[in-house]
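# The amino acid sequence is not available; the structure is as follows:
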């Protein structure tokens, strides 16, 4: 079967890459031909900066995008943001079979929308917006399903307030099957009276990356601090994290887009990133996929949940019986470091969820 995946594969972070790579490889192992399909960015339905939206549209043109990334990389050789963005577009996307030229045609046997926050239409960021294609519109596929998709922080009440709930219900009612990855998304679908849906885990849990993850890394005795460059930490937060790491004689290691206060700042490809997680003594994160990597590789971790990711992150921890790893007070980091995790139940959940996910994909690709 020829399958197209419409996801967030162009979003510049390791989680977006690895979930896309995992779903593609899982489907290929089932014997299918898989390609990524792009969606057209549309203006958001919430207040947004129109100048930024126009700038993004211009910058996303292939010849301008390539030029800008090259210039930024050469001018800002020591700036991890530009270097990571450049490497992502030049190296990592190629591992997905994705080029800088957008591919919009969807003449495939099956279009899979997801994983990631593909249904989060309340984002004001200029690279997503209220794209109808992410809800199954304007495609040429024989049938459409989703896999482990998410509405993110979008709520049913907000969709009603913005008067788009009925429109979205009409679009999503045409899906052959719907798979989401969190209870908030399930709740939205239930309130829309859409019942052909189920909850599945992120694709990263489905694929083993055998032979791709380096066996060793050049550092020891470190803690992975996994966050986004735009995430805000107060001076007190930073002091608490730094004191915790240094009190335990650990270096703070950050990958990709980094904060200035890290002890070790590295650029790594996505598979090297997993190796750094595997060899870490502890992980502190405020991201969904940082938590996914920690759970998958049975690492001691603490997850700081924020308002914009509490739906998906809270549900992720509950799914794997790890609610106690949610940290709200950074003064408590030492306690999380010293309290071991019994991963026996978690690993059984991973195995069960993996079987459910494979069954869902097999049933929808026959």
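Received it, and whenever you're ready, just let me know what you need. Treat the numbers as computed from the prediction; the structure is a model and nothing was measured.
# Just the buried residues of stretch 264-278, please?
Within stretch 264-278, the residues scored as buried using 16 or more other C-beta atoms under 10 Å are 264-266, 268-278. Any C-beta I mention is one placed from the backbone N, CA and C, and that applies to glycine too.
# swap that for stretch 119-139, please
Going by 16+ other C-beta under 10 Å, stretch 119-139 has these buried residues: 119-123, 126-136, 139.
# got it, and stretch 205-221?
205-207, 209, 212-213, 217.
# do the same with stretch 350-366
In stretch 350-366, counting by 16+ other C-beta under 10 Å, buried: 350, 353-354, 357, 360-361, 364-365.
# Select from those every entry located in helices.
350, 353-354, 357, 360-361 (DSSP state H).
# for the residues you listed, which one is nearest residue 221?
residue 350 (27.9 Å; C-beta to C-beta).
# Tell me the spacing between that closest one and residue 21.
18 Å (C-beta to C-beta, to the nearest Å).
# now swap in residue 194 and tell me
29 Å.
# Which of these two has more residues huddled nearby?
More crowded of residue 194 and residue 21, by other C-beta atoms under 10 Å: residue 21, with 22 against 16.
# The more buried one: what's its closest spatial neighbour, skipping adjacent residues?
In space, and not counting its chain neighbours, residue 21 is closest to residue 96: 6.0 Å by C-beta to C-beta, 6 or more residues apart in numbering.
# need the contact list for the one you found.
9, 17, 20-21, 24, 36 (C-beta atoms under 8 Å, 6 or more residues apart in numbering).
# Out of those residues, list just those in strands.
Secondary structure assignment (DSSP state E) places residue 36 from the contacts of residue 96 within strands.
# between the contacts of residue 96, which is nearest residue 255?
Taking the contacts of residue 96 together and measuring to residue 255 by C-beta to C-beta, the closest member is residue 17, at 12.4 Å.
# for residue 150, phi and psi?
With angles defined as degrees, to the nearest 10, residue 150 sits at phi -140, psi 140.
# Could you tell me how many residues sit around the nearest residue to it once chain neighbours are set aside?
Distances taken as C-beta to C-beta, 6+ apart put residue 117 closest to residue 150, at 4.7 Å, once the chain neighbours are dropped. Burial measure for residue 117: 27 neighbouring residues, criterion other C-beta under 10 Å.
# Quick check: the gap between residue 117 and residue 94.
Taken as C-beta to C-beta, the span from residue 117 to residue 94 is 24 Å.
# likewise residue 240?
40 Å.
# more neighbours, these two?
Shown here are residue 240 and residue 94; by other C-beta under 10 Å, residue 240 has more neighbours (18 against 11).
# so which helix or strand takes in the more buried one?
Using DSSP states H and E, residue 240 sits within helix 235-247.
# Pull out the buried residues from that helix.
By neighbour count on 16+ other C-beta under 10 Å, the buried set for helix 235-247 is 240-241, 244-245.
# Quick check: can you name the pairing partners of the helix or strand that comes right after it and their directions?
Once helix 235-247 ends, the next helix or strand along the chain (criterion: DSSP H and E) is strand 251-255. Here strand 251-255 is paired, per DSSP bridges, with strand 222-226 (parallel), strand 264-266 (parallel).
# didn't residue 334 look like it was pressed against residue 250?
No: assessed by C-beta atoms under 8 Å, residue 334 is found out of contact with residue 250, at 11.6 Å.
# Please identify which of the two sits among more neighbours.
residue 250 (18 against 13).
# I'd say that one and residue 281 touch.
Yes: between residue 250 and residue 281 there is a contact under C-beta under 8 Å: 5.9 Å.
# Mutual contacts of the two, please.
In contact with both residue 250 and residue 281: 221-223, using C-beta under 8 Å, 6+ apart.
# Out of the residues you listed, the closest to residue 310 would be?
Looking across these and measuring by C-beta to C-beta, the closest to residue 310 is residue 223, at 23.6 Å.
# The closest one - how many residues pack around it?
Residue 223, neighbours per other C-beta under 10 Å, totals 26.
# residues in contact with it?
Per C-beta under 8 Å, 6+ apart, neighbours of residue 223: 245, 248, 250-253, 280-284.
# Out of the residues you listed, which end up buried?
Using 16+ other C-beta under 10 Å, the buried ones in these are 245, 250, 252-253, 280-284.
# Name the nearest of those relative to residue 30.
Looking across the buried ones among the contacts of residue 223 and measuring by C-beta to C-beta, the closest to residue 30 is residue 283, at 31.4 Å.
# so is the closest one in a helix, a strand, or just coil?
Classification of residue 283 by DSSP: H, G, I helix; E, B strand; the rest coil places it in strand.
# I am finished for the moment; much appreciated.
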